[in-house]
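Engineer: Pasting the sequence and the predicted model now:
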Amino acid sequence: MANSLGTSVTTKKLEMKPVPLLVVMISFEPGGDDGRQICSTTKEYWYEQFFGDNGLTLKKYYKEMSGGKFYFSPVDVNGSDVKGVIHVTLHCKHPDLLQQENPDKRTGAALYVVAEALKACEPYVDFAALDKDGDGFLSADELHYVLVHAGFDYSGGKETTPELRYGVFANSGRLPDEEDAQGFPGAHSPRVGGVKLCAASKGSYTLIGEYRKTQYGFLPHPLGTTAHELGHAIGFHDIYDYDRQVKGWPLPMMFSVMCNGCYGLIRPKDKSERMPIMGTCPTHLDPLQKIRSGFTEAQLAEGDGEYSLYSILSGKYNILRINTPDPAEYFLLENRQIEGFDSGLYRRRVIKSDDGKVHYEIENYERGGMLVWHIDKDIFDEFSGIKRTNGSGLWNGDGETQRETRHNPGVVIDYKNGYDENGLMKDDGVFLQGFPDDPFYRAGETFNSNEFISAATHTKSLNSFPDGIDENKYNLKIEVLEDTGSELKIRVSQTY
């Protein structure tokens, strides 16, 4: 049977190899003006963004994160002058209008359009040849799809123009295997060229709007959103706060593409030059999901002692794991320098003008250093399936019932000087909450776990302690001894 990537609660191990990707530009020509939306970007634009070897591209992004072992490659297509990219025209209304006309079947209407788009690909792709295990399904490790819907993406706002009348929300999803979603006719996995495409628990699609609203108006959708949504397609999980019930809830923010890192950018040093749009330089994945996906392996700290942390572009990148008395909780250490795609890391300074108005100025970090990640495996595994591993809401792991108390986030960075006495992200009026001035530890600085409070349980260092372990006696210290940038030498000491 084909592997089912991205359907488990826990991030799945990937095969470290290039994976075929099909990019489908979708225009809508229903025969009248209502619901009509035609693509105006070029196939060459999407080829360069996804498969190019120069600049900031999807191919280079995933190769950098995986040490060159995993990336998306253009699938062979017939009848297209650009490898891996095709343009199809559907004789149906844009899904935005279909959803408005079917308010009780919005999901079904959207999935019907996905199914129609996949069927329209049949003349261009030999899908049966891609079914390597011959089980009659194309799984997520046999082919991925990016469906570029003509129009705009609602992630940038809901404003329309005479040219861009309809929008979609970027997402990654699957189609029901047999039954129509919400009873909408045709909203199920189609059989194309003898194999089922995007069937639930087998494969998935990634969908984006062709354009996104930016500070410069509508521009072709930048890389970051696709890097994030394709992450879902291969098994990564969101680690931002879906619930947003607690201001300052601790989050990894820019330091994972599955949080705010999909909005990374590199600002020119000359501030008079034009600012790039958000998402042109997505930042790296968090270390937990790098390990679980197989992009890298964790190096276990064998007790107290000295260790080295190497940066992403050093050629020796590593993640150091420090276990704690709680088998479910541990720390991951990494050396995140401002290099490669992590050049897109930034803070946001609060600027108050004389008339009292507030705006935010983006500044890339000049130097990186050590980041300390606090992982709670049980929380991650219980709540990531309902997209709330870092949620501030009152949800149980079933996603249906609610609890009386909040759970702690499952994936947290213990930012240097980043939190208040309640374990919440600081709002100091100088730097926007979650975008601290300097989150990194460097030579001469020491991480002290006792300085960090869990946001929900308000315990020091850890979220919980096994019987016989005194919270007030537990402490983890990590001293940064030397810092050459590409290598950090550290000393680890843990007491309890």
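Structural biologist: Sure thing, it's come through. Numbers count the residues shown, from 1 in each chain.

Engineer: If we go by neighbour counts, what in stretch 288-307 is buried?
Structural biologist: Using 16 or more other Cβ atoms under 10 Å as the burial criterion, the residues of stretch 288-307 that qualify are Leu288, Gln289, Lys290, Ile291, Arg292, Ser293, Gly294, Phe295, Thr296, Ala298, Ala301, Tyr307. C-beta: built from backbone N, CA, C; applies to glycine.

Engineer: Tell me how far that stretch lies from the chain's centre.
Structural biologist: Counting by Cα atoms, centre = their mean, to the nearest Å, stretch 288-307 is centred 21 Å from the centre of its parent chain.

Engineer: Next: stretch 38-52.
Structural biologist: When C-alpha coordinates are averaged (Cα atoms, centre = their mean), stretch 38-52 and its chain have centres 21 Å apart.

Engineer: Same check on stretch 290-309?
Structural biologist: Its chain's average C-alpha position is 22 Å from that of stretch 290-309, according to Cα atoms, centre = their mean.

Engineer: I'd like the average pLDDT over that stretch.
Structural biologist: Per-region confidence: stretch 290-309 scores 97 on mean pLDDT.

Engineer: quick one, helices of the stretch 51-200 of the chain?
Structural biologist: Counting by DSSP state H, counting those that start in this stretch, the stretch 51-200 of the chain has helices at residues 58-65, 95-101, 106-119, 127-130.

Engineer: Out of those, flag the one nearest Phe431.
Structural biologist: helix 58-65 (26.8 Å; Cβ to Cβ).

Engineer: got the contact list for the closest one?
Structural biologist: Here helix 58-65 makes contact (Cβ atoms under 8 Å, 6 or more residues apart in numbering) with 49-53, 69-73, 223, 226-227, 230, 282, 284-285, 290, 295, 312-313, 340-341.

Engineer: average model confidence for stretch 267-282?
Structural biologist: Rounded to a whole number, the mean pLDDT of stretch 267-282 is 95.

Engineer: which residues are in contact with that stretch?
Structural biologist: Among residues not part of stretch 267-282, those counted as contacts by Cβ under 8 Å, 6+ apart are 56, 61, 212, 214-216, 219, 222-225, 227-228, 257, 261-266, 341, 343-344, 346, 362-364.

Engineer: Which among the residues you listed count as buried?
Structural biologist: Neighbour-count burial within these applies to 56, 61, 212, 214, 222-225, 227-228, 257, 261-266, 341, 343-344, 346, 362, 364; the criterion is 16+ other Cβ under 10 Å.

Engineer: These in strands, which ones?
Structural biologist: With strands identified by DSSP state E, the entries of the buried ones among the contacts of stretch 267-282 that belong to them are Arg212, Thr214, Tyr346, Ile362, Asn364.

Engineer: give me the beta-bridge partners of Leu488?
Structural biologist: Beta bridges link Leu488 to Leu309, Asp483, judged by DSSP bridges.

Engineer: Spit out the contact partners of it.
Structural biologist: By Cβ under 8 Å, 6+ apart, the residues touching Leu488 are Ser308, Leu309, Asn335, Gly369, Met370, Arg442, Ala443, Val480, Glu482.

Engineer: Please pick the buried ones from the residues you listed.
Structural biologist: Ser308, Leu309, Asn335, Gly369, Met370, Arg442, Val480.

Engineer: Please identify which of these is nearest to His149.
Structural biologist: Of all these, Asn335 has the smallest distance to His149: 39.4 Å, by Cβ to Cβ.

Engineer: Which other helices and strands does the helix or strand harbouring that closest one contact?
Structural biologist: Remark: Asn335 resides in strand 329-336, with elements defined by DSSP states H and E. Based on contacts counted as 3 or more Cβ pairs under 8 Å, 6 or more residues apart in numbering; DSSP states H and E, the elements that strand 329-336 packs against are helix 287-293, strand 305-310, strand 319-323, strand 369-376, strand 487-495.

Engineer: before we move on, the earlier item: ok, so of the buried ones among the contacts of Leu488, who is nearest Asp427?
Structural biologist: Within these, distances to Asp427 taken as Cβ to Cβ reach their minimum at Gly369, with 23.0 Å.

Engineer: before we move on, back to that, make JSON lines out of the contacts of Leu488 and add distance to Lys158.
Structural biologist: Formatted as JSON lines, those follow (distance: Cβ to Cβ, whole Å):
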{"residue": "Ser308", "distance to Lys158": "49"}
{"residue": "Leu309", "distance to Lys158": "44"}
{"residue": "Asn335", "distance to Lys158": "41"}
{"residue": "Gly369", "distance to Lys158": "40"}
{"residue": "Met370", "distance to Lys158": "41"}
{"residue": "Arg442", "distance to Lys158": "43"}
{"residue": "Ala443", "distance to Lys158": "48"}
{"residue": "Val480", "distance to Lys158": "46"}
{"residue": "Glu482", "distance to Lys158": "51"}
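
Engineer: Relative to Phe431, which of those residues is nearest.
Structural biologist: When these are compared against Phe431 (criterion: Cβ to Cβ), the nearest one is Gly369, at 16.8 Å.

Engineer: For the closest one, give the beta-bridge partners.
Structural biologist: Once the bridges are assigned, which here means DSSP bridges, Gly369 pairs with Arg336.

Engineer: these two touch, right, it and Tyr441?
Structural biologist: Yes. Because the distance of 5.4 Å satisfies Cβ atoms under 8 Å, Gly369 is recorded as touching Tyr441.

Engineer: anything in contact with each of these two?
Structural biologist: Counting by Cβ under 8 Å, 6+ apart, the residues touching both Gly369 and Tyr441 are Val480.
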